[in-house]
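**Student:** Following is a predicted model, sequence given first.
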Amino acid sequence: MSEHAKIIDEARKRVASGSKLDASAFEARIRAAGGDTERALKQLARIVSVQRARALIAGPPTPEPAPPPAPARPLALRTKPTITGNMDIRRERTGDSFALAWTAEPKVVAWDVRLSERPDVRGDYVVREERSLPGTETSLELELGDTPLRVHLLGRARDGRLVRRAIISALTREGWDERWQRRASAS
């Protein structure tokens, strides 16, 4: 295969693949190869005309689609406040203070309270505070923020037996007024 034939073959392959053909660069290569350049230049002119015809049929290139707009902020995983237990708990809010309230139970002599916080929505709750309240106490004030809080409220009888219990999970300042999801309790 002659040098001219190789150059013409390469030009055909480029046009066939849809690549842009630089006619002046191929013309310079044909002239540099020497020999019967007139025949090779005519063949190159036909290949260039095929390229122009394809461009006319294809029309203007379609613009790249714009990327979808980025969300204003990443979607956060949110949990709903949930209550589980065998006693009724009420919410009380006065200004910026939040409190849980319940009905007094004569059998309960002490309430064990455990407050746990979950710094990461996918992580486990970490115990922040544990305390004991007298059996006559019927409310608990809470400090709520943006991190979910879990409250264990356990009412114990004189012999240490568990009489009443409630576990309230996913309490936050933002979610305080949302409807609490009630879960079934084994007791």
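**Tutor:** Everything's here; your move.

**Student:** Neighbours of the closest residue to residue 26 other than its chain neighbours, how many?
**Tutor:** Spatial nearest neighbour of residue 26, excluding adjacent residues (CB to CB, 6 or more residues apart in numbering): residue 11 at 5.3 Å. The way it works is simple: take the backbone N, C-alpha and C, and place the C-beta from them, glycine included. Neighbour count for residue 11, taken as other CB atoms under 10 Å: 26.

**Student:** likewise the one 5 residues further on?
**Tutor:** Applying other CB under 10 Å, we find 12 residues neighbouring residue 16.

**Student:** three-state assignment of it?
**Tutor:** helix (DSSP: H, G, I helix; E, B strand; the rest coil).

**Student:** thinking again about what came up before, contacting residues around the residue nearest to residue 26?
**Tutor:** 21, 26, 44, 47 (CB atoms under 8 Å, 6 or more residues apart in numbering).

**Student:** Please tell me which one of these counts the most neighbours.
**Tutor:** residue 44 (22 neighbours).

**Student:** picking that back up, is the residue nearest to residue 26 in a helix, a strand, or coil?
**Tutor:** Per three-state DSSP, residue 11 ends up helix.

**Student:** For the protein, which residues score under the pLDDT cut-off?
**Tutor:** Within the chain, the ranges that satisfy pLDDT under 70 run 1, 59, 61, 72-78, 186-187.

**Student:** Okay, domains of it per the record?
**Tutor:** 3-58, 82-183 (automatic domain parsing).

**Student:** Let's have those in a markdown table, adding distance to residue 68.
**Tutor:** Formatted as a markdown table, those follow (distance: least, CB to CB, whole Å):
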| stretch | distance to residue 68 |
| --- | --- |
| domain 3-58 | 27 |
| domain 82-183 | 25 |
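
**Student:** Can you tell me how far the residue nearest to residue 26 is from residue 48?
**Tutor:** Per CB to CB, to the nearest Å, residue 11 is found 8 Å from residue 48.

**Student:** try residue 83
**Tutor:** 78 Å.

**Student:** before we move on, what about residue 25?
**Tutor:** 12 Å.

**Student:** Residue 64 now?
**Tutor:** 27 Å.

**Student:** next one: residue 31
**Tutor:** 15 Å.

**Student:** okay, the two: which has more neighbours?
**Tutor:** Just comparing residue 31 and residue 48: by other CB under 10 Å the higher neighbour count belongs to residue 48, 17 against 11.
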